[in-house]
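**Q** A structural model of the following input is requested.
(one chain, ligands or ions: 1)
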Amino acid sequence: MSRRKFIKQSVLGVGGIMAIQSTARCEINSEQSDSKIITDTKSMKPIVISTWNHGMDANKAAWEVLKANGTALDAVEKGVMVTESDPNNRSVGLGGLPDRDGIVTLDACVMNHENECGAVACLTDIEHPISVARKVMEDTPHVMLVGKGAYDFALEKGFPHKNLLTAEAKKAWQEWKESEDQKKPEINHENHDTIGMLALDAHGNLSGSCTTSGWAYKLHGRVGDSPIIGAGLFVDNEVGAACATGLGEAVVRIAGSHTIVELMRAGKTPQEACEEAVNRIIRKHKDLTGLQVGFLALGKNGAVGAASVYNGFNYAKTTNENHQLIDAKFNRKW
Ligand code: GLY
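**A** Here you go, the predicted structure:
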């Protein structure tokens, strides 16, 4: 038996056992998601997936790149830029809800098939943090720039200053300031949050991006999982890629995206890896009130996984065959 065939059969064997164990523990509702164990070696590429319903429009832009034989890196940048520019989206880029001081602060990161990565955190007044993160990756020896340093770098690279606090977001913040809710998370109440995007291009290379305005009305200076390589996003071109959405503090505590990629390396399918990460979050937190986290994973062969703590998380998936919004598997109902 060839080594490759042996590994394939071993992985499928392990996957089968884990599926039974997982069902026995009743840890994830199995009625949702289109994920299944991929039993053939034919790669499904190109493919792009991204978090939430705002991913549908973002995927369209990414697909324009992928269908023209472009790179996964270009696709995941162009894709999430659509969401960053959408003034009606309250959790990413322009129109994002501000922190408790009324300042919109943005977190983003990008990672390519060569393990190169770049990130910005607590960036203000720049419409496309994802593109600044890419510049950090490509034009500096660093991985992350934050705050004023990131803003000054962006101006130096030619990004224009832009006020990101729209009239609607400002009004919502003013109402919040007068409300009793001042310490509660405001994540996912509009059925969307961070956009994380993973793509596999026609050349067989993976890349990922992640961008957000973060937890609404957070303390000024708070940084979530989205710009943290290994938490909000991780890519290993030998294995697969993963990204996260939801309550960033919980994702950071288990290094969520890196954990998923390592689980895939150890033989789990993307779906099994996402479910294990969700179960780990649940095990590590005593109080799950309001703690929504969702993960997406994309295997090197184009297999997809998606899982969340609570129901309501969905993702956009675009291939040569279709462009769909799919409900992720979840552990529990709100
Ligand atoms: N996942 C977005 C954040 O927590 O900032």
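
**Q** so where do the strands sit in the protein?
**A** 47-51, 106-111, 117-123, 144-146, 195-200, 206-212, 233-236, 240-246, 293-299, 304-310, 314-319, 323-327, 329-332 (DSSP state E).

**Q** Nearest to the ligand among those strands would be which one?
**A** strand 206-212 (4.5 Å; C-beta to the nearest ligand atom). C-beta here means a position set from N, CA and C on the backbone, and glycine is covered the same way.

**Q** For residue 161, give its distance to the ligand.
**A** Separation of residue 161 from the ligand (C-beta to the nearest ligand atom, to the nearest Å) stands at 23 Å.

**Q** Need the nearest residue in space to that residue, chain neighbours excluded.
**A** Spatially, and ignoring its direct neighbours in sequence, residue 161 is nearest to residue 125 (5.1 Å; C-beta to C-beta, 6 or more residues apart in numbering).

**Q** thinking again about what came up before, using a markdown table, lay out the strands of the chain together with distance to residue 153, mean pLDDT and mean neighbour count.
**A** Below are the strands of the chain laid out as a markdown table (distance: least, C-beta to C-beta, whole Å; pLDDT from 0 to 100; neighbours: other C-beta atoms under 10 Å):
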| stretch | distance to residue 153 | mean pLDDT | mean neighbour count |
| --- | --- | --- | --- |
| strand 47-51 | 26 | 98 | 30 |
| strand 106-111 | 13 | 98 | 32 |
| strand 117-123 | 8 | 98 | 26 |
| strand 144-146 | 5 | 98 | 21 |
| strand 195-200 | 22 | 98 | 33 |
| strand 206-212 | 17 | 98 | 32 |
| strand 233-236 | 20 | 98 | 28 |
| strand 240-246 | 24 | 98 | 32 |
| strand 293-299 | 29 | 98 | 30 |
| strand 304-310 | 34 | 97 | 27 |
| strand 314-319 | 31 | 98 | 24 |
| strand 323-327 | 35 | 97 | 14 |
| strand 329-332 | 39 | 96 | 20 |
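
**Q** So for residue 271, which of the ones you listed sits nearest?
**A** Among those, strand 304-310 comes nearest to residue 271, with 3.7 Å by C-beta to C-beta.

**Q** Do any residues in the closest one lie close to the ligand?
**A** No: counting by C-beta under 6 Å from any ligand atom, the ligand has no neighbours in strand 304-310; the shortest distance is 12.3 Å.

**Q** just to revisit the earlier point, TSV please, covering the strands of the chain and showing distance to residue 175.
**A** Formatted as TSV, the strands of the chain follow (distance: least, C-beta to C-beta, whole Å):
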stretch	distance to residue 175
strand 47-51	27
strand 106-111	22
strand 117-123	24
strand 144-146	29
strand 195-200	25
strand 206-212	21
strand 233-236	32
strand 240-246	24
strand 293-299	27
strand 304-310	25
strand 314-319	28
strand 323-327	30
strand 329-332	30
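
**Q** Looking at those, which is nearest to residue 81?
**A** Of all the strands of the chain, strand 206-212 sits nearest to residue 81, with 8.6 Å by C-beta to C-beta.

**Q** Given that closest one, what are its sheet partners and their directions?
**A** Using DSSP bridges, the strands paired with strand 206-212 are strand 106-111 (antiparallel), strand 195-200 (antiparallel).

**Q** Can you give the distance of that strand from its chain's centre?
**A** On the basis of C-alpha atoms, centre = their mean, to the nearest Å, strand 206-212 is displaced by 6 Å from the centre of the chain it belongs to.

**Q** what's the answer for stretch 157-175, then?
**A** Centre-to-centre, stretch 157-175 and its host chain are 23 Å apart (C-alpha atoms, centre = their mean).

**Q** For it, buried residues please.
**A** Using 16 or more other C-beta atoms under 10 Å as the test for burial, stretch 157-175 gives 159, 164, 165, 166, 169, 172, 173.

**Q** And the last one, how far from residue 111?
**A** Using C-beta to C-beta, to the nearest Å, residue 173 is found at 32 Å from residue 111.

**Q** Near the ligand, which residues of the stretch 201-334 of the chain are found?
**A** So the stretch 201-334 of the chain meets the ligand at 212, 214, 215, 224, 225, 226, 245, 246, 247, 248 (C-beta under 6 Å from any ligand atom).

**Q** Quick check: the gap between the nearest residue to the last one once chain neighbours are set aside and residue 168.
**A** Of all residues not flanking residue 248 in the chain, residue 224 sits nearest, at 2.7 Å (C-beta to C-beta, 6+ apart). As defined by C-beta to C-beta, residue 224 lies at a distance of 22 Å from residue 168.

**Q** same deal with residue 68?
**A** Counting by C-beta to C-beta, the gap from residue 68 to residue 168 is 35 Å.

**Q** next one: residue 45
**A** 39 Å.

**Q** ok, now residue 100?
**A** For residue 100, the distance to residue 168 - C-beta to C-beta - is 18 Å.

**Q** ok now stretch 135-149, how far from the chain's centre?
**A** 20 Å.

**Q** same question, stretch 169-177
**A** Using C-alpha atoms, centre = their mean, the offset of stretch 169-177 from its chain centre is 26 Å.

**Q** Can you name the residues in contact with it?
**A** Identification of contacts with stretch 169-177 by C-beta atoms under 8 Å, 6 or more residues apart in numbering yields 90, 95-98, 100, 102, 104, 165, 182, 186, 216-217.
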